[in-house]
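> Output the structure for:
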Amino acid sequence: MKLGLQLGYWGAQPAANHAELVAAAEASGFDSVFTAEAWGSDAYTPLAWWGSSTERVRLGTSVLQMSARTPTACAMAALTLDHLSGGRHIVGLGVSGPQVVEGWYGQRFAKPLARTREYIDIMRQVWAREAPVTSTGPHYPLPLRGDDATGLGKSLKPITHPLRPDIPVMLGAEGPKNIALAAEIADGWLPLFYTPRLADTYNEWLDDGFARPGARRSRDDFEICATAQIVITDDRAATYEAIKPFLALYMGGMGSEDTNFHADVYRRMGYAEVVDEVTELFRSNRKDEAARIIPDEVVADSAIVGDIDHVRSEVKRWEAAGVGTMLVSPGSVAELEQLASVI
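Numbering: from 1, shown residues only. Here you go, the predicted model:
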């Protein structure tokens, strides 16, 4: 089992200790550092900033929102960071949801699976640099065609020769079709709310992708990097209470009331009634109540909280389920170093 530092995205203000956490992760043998984005801070700027002080850890995004950048712009950012880091970059991508895609980026959300396939194909053309980049669309036609185009667009190769012609791409996927797509066309999967209890179900979806003609990877060389809450403590109840507001936000406040992919994850775990109640309370601005009604078992299903023996046992269970890297978010250097020593 490898450890990755998940810095996430900023809240109202930048975190004050990320420089210290990144340095400690590098010194403690962590495999990777990941950043994220929502509708505030972006993922690439902090990753490049903090990554510039490292020499060994891989630098990943978990995840970039596809609608924030055209596929060629994303490929440019990736090849740039890959050069600067000496070939340590991982591109983690996700489609986000219609609330953010249409409300924040002003882009169309339709056909997310087809858009993902087309997006990654274009990026890989850029990095391969074998021919001018083209795409027949329909989502990202290159060169642009149609009545609103000048007709002067020209297919181009990147000026800069990529350090690596094939930068790893991982998908932040939650639904069965998207997870199968990750297994088919990507190098890894970045689950947010993973539970080893459903490993057999996940494996069915992944096997669907691995079995498709032209699948890029097999189970042997496909990475599962799961974001995980791991807290070593003797006060499990207090930690559960601290995690519940985060779960309430994702269950009840992300996306729209009828379209929330994070909530759907918990429905597939078997917690549909909890999700419905949390959503109703959260959207009635009763957020504290929404958090309080989440049962401890829901938290425990996708988090590891307890003493050292419990944490070690659970990490082994996640590893046996197929997880190769756990992306953790310790609050301090001391917590990070303790996790490194235990895991």
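> what kind of secondary structure is residue 139 in?
The three-state label given to residue 139 by DSSP: H, G, I helix; E, B strand; the rest coil is coil.
> and if you look at residue 14?
Counting by three-state DSSP, the backbone at residue 14 sits in coil.
> wouldn't it be in contact with residue 41 here?
Yes. Counting by Cβ atoms under 8 Å, a contact exists between residue 14 and residue 41, whose distance comes to 7.2 Å. Glycine gets a C-beta too; all of them are placed from N, C-alpha and C.
> For the two, indicate the residue with more neighbours.
Neighbours around residue 14 and residue 41, counted as other Cβ atoms under 10 Å, are more numerous at residue 41. The numbers are 18 against 10.
> Any figure for the gap between that one and residue 30?
21 Å (Cβ to Cβ, to the nearest Å).
> Next: residue 116.
In this structure, residue 116 lies at 28 Å from residue 30, with Cβ to Cβ as the measure.
> how about stretch 15-31: buried residues?
When neighbours are counted by 16 or more other Cβ atoms under 10 Å, the buried residues of stretch 15-31 are found to be 18, 21, 22, 24, 25, 26, 28, 30, 31.
> Residue 37: which of those is nearest?
The closest of the buried residues of stretch 15-31 to residue 37 turns out to be residue 18 (Cβ to Cβ; 14.5 Å).
> excluding its backbone neighbours, what's nearest that closest one?
Closest residue in space to residue 18, ignoring its immediate chain neighbours: residue 7 at 5.6 Å, by Cβ to Cβ, 6 or more residues apart in numbering.
> all helices in this structure, in order from the N-terminus.
According to DSSP state H, the chain carries its helices in the segments 18-27, 44-51, 71-84, 98-103, 112-128, 176-185, 199-210, 236-252, 261-268, 272-282, 287-292, 296-302, 308-320, 333-342.
> And the ones you listed: which comes nearest residue 64?
Ranking these by their distance to residue 64 (criterion: Cβ to Cβ) puts helix 71-84 first, at 6.5 Å.
> buried stuff in that closest one?
Those would be 71, 72, 74, 75, 76, 77, 78, 79, 80, 81, 82, for helix 71-84 by 16+ other Cβ under 10 Å.
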